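Q: I would like the atomic coordinates for the input below:
(one chain, ligands or ions: 3)
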Amino acid sequence: MKNVVFVLGAPGSGKGTQCEKIVHNYGYVHLSAGDLLREERAKPNSKHGELIEDYIRNGKIVPVEITCSLLKDAMEKSGREHFLIDGFPRSDDNLRGWNRAMSNEVNLQFVLYFECPEDVCVGRCLKRGSAGSGRSDDNMESLKKRFKTYVNDTMPIIDHYQSLNLLRKIDANRDADEVFSDVKVVFEAAK
Ligand SMILES: Nc1ncnc2c1ncn2[C@@H]1O[C@H](COP(=O)(O)OP(=O)(O)O)[C@@H](O)[C@H]1O
Ligand SMILES: Nc1ccn([C@H]2C[C@H](O)[C@@H](COP(=O)(O)OP(=O)(O)O)O2)c(=O)n1
Ligand SMILES: [Mg+2]
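A: Ligands and ions are numbered 1, 2, ... in the order given. The predicted structure is shown next:
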C-alpha cells in the first residue's frame, strides 16, 4: 500500500521549502502538483499546455483529471511507497477526483498545513518572482487571483481534513528552520 501526506498552505507559505527538508530527513518522494503541471506545460507535444498556462496565470485550479493522472504516473514511475503531495488537493474537484481514482490504493497518513498570513505569503512570492523564479504567476495580478482561489476553494478542503482529525497545523510565519523543527515533531509522531 502506498502512503501519502498531503501538504497544503497558501502560495508562498513554504510548502516546497519544507518538503525538501522532509525528503532529506524522512526519505519521502516529493511530488509538487504545481511543478508537475509546469513540466507538462513545457512539453512541446502536450495536449494540455495552453489550458495549464491559462489556469496557472489566472490562479485557477486545473481540472483534476489532468493533475491526478500526472500524480499517479509520477508515483508509479518512482517505484517508491511514501509520498509528499504538495499543493494538492486544492479544491472540491481535486478532492473528489483523487478519492475516485486513488483512495482504494493509497493510505492518507495526515495533511500538513502551513499557516501563514497573506501579506507575508504575498511578500515571499513577489520576492521569489523578482529573484527570477521564471513563474508567470509570481506577480501581483496573478497573486490576487491565487489568494482568492485559496480562500474560496482550498480553505474548505483544509476545514474538511480538520473535521476528520487529519490536519497537522504548523505556524509557518517563522524562519524556515524553526518551522521545520515543528514539522519534525509531526513526522516523528507518525513513525
Ligand atoms: N520560513 C520562511 N521564511 C522566509 N522565506 C521563506 C520561508 N520558507 C520559504 N521561503 C521563501 O519563500 C518563497 C516561497 O517558498 P516556497 O517553499 O516555494 O512556498 P510554496 O511552495 O508554499 O509556494 C521562496 O522564495 C522561499 O525561498
Ligand atoms: N492541485 C493543483 C496545484 C496547482 N495548480 C496550479 C494552479 C496554481 O496556482 C499553480 C501553482 O501551484 P504551486 O503549488 O506550484 O504554487 P505555490 O507553491 O503554492 O506557490 O499551479 C493546480 O491547478 N492544481
Ligand atoms: Mg510550491
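
Q: For the host helix or strand of I158, buried residues please.
A: Per DSSP states H and E, I158 falls inside helix 155-163. Neighbour-count burial for helix 155-163 flags I157, I158, Y161 (criterion: 16 or more other CB atoms under 10 Å). All C-beta atoms are positioned from the backbone trio N, CA, C, and that covers glycine.

Q: Leaving out sequence neighbours, find the closest residue to the most centrally placed residue in the chain.
A: The structure's the chain has its C-alpha centroid closest to G87; by CA atoms, centre = their mean the separation is 1.2 Å. Among residues not flanking G87 along the chain, A33 sits closest, at 4.4 Å (CB to CB, 6 or more residues apart in numbering).

Q: My read is that that neighbour contacts S91, right?
A: No - checked against CB atoms under 8 Å, the pair A33 and S91 is beyond contact range at 11.0 Å.

Q: who's more crowded, these two?
A: A33 (25 against 21; other CB atoms under 10 Å).

Q: give me every residue that touches the more buried one.
A: A33 makes contacts with T67, L70, L71, I85, D86, G87, F88, R90, as judged by CB atoms under 8 Å, 6 or more residues apart in numbering.

Q: give me that answer again for 6 Å
A: Taking CB atoms under 6 Å, 6 or more residues apart in numbering, we find A33 in contact with T67, G87, F88.

Q: how near is the second one to P44?
A: Going from G87 to P44 by CB to CB, to the nearest Å gives 24 Å.

Q: Please report phi then psi for the residue nearest to the centre of the chain.
A: Main-chain torsions, G87, degrees, to the nearest 10: phi 80, psi 30.

Q: Which pLDDT value goes with it?
A: Per-residue pLDDT puts G87 at 98.

Q: Quick check, it in contact with G34.
A: Yes - judged on CB atoms under 6 Å, G87 makes contact with G34 at a distance of 4.9 Å.

Q: Could you grab the helix/strand/coil label for the residue lying farthest from the centre of the chain?
A: Centroid-distance maximum for the chain: N45 at 25.3 Å, with CA atoms, centre = their mean. Here N45 is recorded as coil under DSSP: H, G, I helix; E, B strand; the rest coil.

Q: Next: S181.
A: Secondary structure of S181, per three-state DSSP, is helix.

Q: Sweet, I'm off.
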